[in-house]
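Participant: structure for the following, please:
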Amino acid sequence: MTLFLEILFYLLTIIVLNSFIFYPLVVYFLSKKNSGRITIHGFEPTISVLIAAYNEEKVIEDRIKNIVALNYDHSKIEVFIGSDLSSDRTNEILLEYQKEYSWLKVYLSQERMGKAGILNELIKQANNEIVVFTDANTNFNQDALKNIIEDFADENVGGVCGRLILIDDEQSKSEGVEETEYWKYETLIKKAEGRCGTLLAANGGIFAIRKNLYEVIPTENAVTDDLFVSLSVVSKGYKFTYCNDAVAYENTGKDLSEEYKRKVRFGATNFQTLLQFKKLLWDKNKFLSYAFFSHKVSRWILPGLLIFLFFVSYFLIDINQIAKKIFYLQMVIYLLALCGYLLSIIKKRILIFSLPYFFVVSNIAIAEGFIKFIRKKHSVIWESTQR
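Facilitator: Numbers count the residues shown, from 1 in each chain. Model prediction:
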């Protein structure tokens, strides 16, 4: 029995360490050998920008003005904004701006379809070779479109992810959740994956694909749309790269309870998405399979891994010195997270406490999302998170 527990302990430890340390290091060093890019001077293909919106009256006007200000030939751009039966002034604002800009196309759904349903409708109307996906609450840097299309000069590139920067407002800075710092860590991994052409999950706020690679997003079983689109591109054997100079900005969530619900929803839909692409675990591209397991599968089963690791290391505490150290390391992390939670109550944020707190809360949300996935309680219908 002891031997079995020790084998299980080492296996769990290796999977967790691989996900957060070994894999990021491997992909980083490999990216140094795969940084070559094909560039064509004056490459400026036609672009279709797709935005799904639901009750976005607070941001939709600024979003349109942001697109107006982009440094790209607007005669080569068409922008489709689909309103998912919005009940505020979103539709009214869209129709007013449609009169002003010929490149703006508005789709007003007569029923709630969810983001996936709206994107599936918009793609039918898109005429251009490159499709850019973004959100109503995102703002692009002036050269974002110009920069994100450069990698498409390489015919082997099927998708490109831009750099999404999360911005804390004054309220978010005092809430005690360290989402921005964790996002910087994730961005470093995405950047390295992009250099290898194996970026697995594009930032929903800014990414682009070739239109002919778009797969209809499932709506009967809710999936995470940006993850689904990204994986559908790499599963076809195309590269998915990362453009550091295609910059977009979003505010972090202002309401912690709503942000938590968003993470739970994404947890449920991510499990459904990974199930759709389980064949990637045995892909002919072995590095892609390794990346898929390390950065996606093991991350989303992490709550279960951590629970098992905690109890297994506890039972081995008097037998195995490594297990003893791992157990106490877990205790320290969870105590720091508890302090982060207590500090969040009084609106204080200190990195050494807030980062473990964010890590623990995120994994609790994933676990709840998994329960919703198992019980089939997740839906394609989404509510906008206030940001």
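
Participant: next, count neighbours for residue 128.
Facilitator: 15 (other C-beta atoms under 10 Å). Every residue, glycine included, has its C-beta placed from N, CA and C.

Participant: for residue 28, same thing?
Facilitator: Neighbour count of residue 28, defined by other C-beta under 10 Å: 16.

Participant: hang on, isn't it packed against residue 192?
Facilitator: Yes - with contact defined as C-beta atoms under 8 Å, residue 28 and residue 192 form a contacting pair (4.6 Å).

Participant: identify the residues contacting the spatially most central residue of the chain.
Facilitator: Nearest to the mean C-alpha position of the chain, by C-alpha atoms, centre = their mean, lies residue 203 at 4.6 Å. When contacts are counted by C-beta atoms under 8 Å, 6 or more residues apart in numbering, residue 203 touches 161-164, 190, 226, 248.

Participant: nearest to residue 237, of the residues you listed?
Facilitator: residue 161 (17.7 Å; C-beta to C-beta).

Participant: what is the nearest of the contacts of residue 203 to residue 241?
Facilitator: Nearest to residue 241 among the contacts of residue 203, counting by C-beta to C-beta, is residue 161 at 7.3 Å.

Participant: where does the closest one land in three-state SS?
Facilitator: Secondary structure, DSSP: H, G, I helix; E, B strand; the rest coil: residue 161 is strand.

Participant: quick one: buried residues of whichever strand in the chain runs longest?
Facilitator: Identified as the longest strand of the chain according to DSSP state E is strand 239-251. Buried residues in strand 239-251, counted by 16 or more other C-beta atoms under 10 Å: 239-243, 246-251.

Participant: then it to CSV, C-alphas only?
Facilitator: Once non-C-alpha atoms are left out, strand 239-251 reads as follows in CSV (Å, rounded to 0.1, in the frame of the first residue of the first chain):
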residue,chain,number,x,y,z
LYS,A,239,0.3,27.2,-36.8
PHE,A,240,-1.3,29.5,-34.3
THR,A,241,1.1,32.3,-33.4
TYR,A,242,1.3,35.2,-31.0
CYS,A,243,1.8,38.9,-32.0
ASN,A,244,3.2,40.9,-29.1
ASP,A,245,2.6,44.2,-31.0
ALA,A,246,-1.1,43.6,-31.6
VAL,A,247,-2.2,45.1,-28.2
ALA,A,248,-5.7,45.2,-26.7
TYR,A,249,-6.8,46.4,-23.3
GLU,A,250,-9.6,45.3,-20.9
ASN,A,251,-10.4,46.2,-17.4
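
Participant: so residue 199 touches residue 242, yeah?
Facilitator: Yes - if you go by C-beta under 8 Å, residue 199 and residue 242 touch, sitting 5.5 Å apart.

Participant: which residues do these two both contact?
Facilitator: Common contacts of residue 199 and residue 242, defined by C-beta under 8 Å, 6+ apart, comprise 161, 190, 193.

Participant: so after the longest strand of the chain, what's the next helix or strand?
Facilitator: Using DSSP states H and E, the helix or strand that follows strand 239-251 towards the C-terminus is helix 256-276.

Participant: show me what that next one is packed against.
Facilitator: Helix 256-276 makes packing contacts with helix 225-234, helix 298-300, helix 351-374 when contacts are defined by 3 or more C-beta pairs under 8 Å, 6 or more residues apart in numbering; DSSP states H and E.

Participant: mind checking those for the one nearest to residue 116?
Facilitator: Nearest to residue 116, of these and by C-beta to C-beta, is helix 225-234 at 5.1 Å.

Participant: check which helix or strand covers the residue nearest to the centre of the chain.
Facilitator: In this structure, residue 203 sits in neither a helix nor a strand according to DSSP H and E.

Participant: follow-up on the earlier one: would you turn the shared contacts of residue 199 and residue 242 into CSV with pLDDT?
Facilitator: Shown next, in CSV, are the shared contacts of residue 199 and residue 242 (pLDDT from 0 to 100):
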residue, pLDDT
161, 97
190, 95
193, 96
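
Participant: just among these, which is most surrounded?
Facilitator: Most neighbours among the shared contacts of residue 199 and residue 242, by other C-beta under 10 Å: residue 161, with 31 neighbours.

Participant: in contact with that one: list those residues for me.
Facilitator: Contacts of residue 161 by C-beta under 8 Å, 6+ apart are 190, 194, 199, 202-203, 206-207, 230, 240-243.

Participant: same thing but 6 Å
Facilitator: Residue 161 sits next to 199, 202-203, 207, 242 when contact means C-beta atoms under 6 Å, 6 or more residues apart in numbering.

Participant: repeat for residue 226
Facilitator: Residue 226 makes contact with 202, 204, according to C-beta under 6 Å, 6+ apart.

Participant: go on, residue 213?
Facilitator: Counting by C-beta under 6 Å, 6+ apart, residue 213 makes contact with 158, 233.

Participant: try it again at 7 Å.
Facilitator: Residues counted as contacts of residue 213 (C-beta atoms under 7 Å, 6 or more residues apart in numbering) are 158, 233, 236, 238.

Participant: and it, how far is that from residue 181?
Facilitator: Between residue 213 and residue 181 the computed distance is 33 Å (C-beta to C-beta, to the nearest Å).

Participant: wasn't residue 376 part of a helix?
Facilitator: No - under three-state DSSP, residue 376 falls outside any helix and is assigned coil.

Participant: what helix or strand does residue 3 sit in?
Facilitator: Using DSSP H and E, residue 3 falls within helix 2-17.
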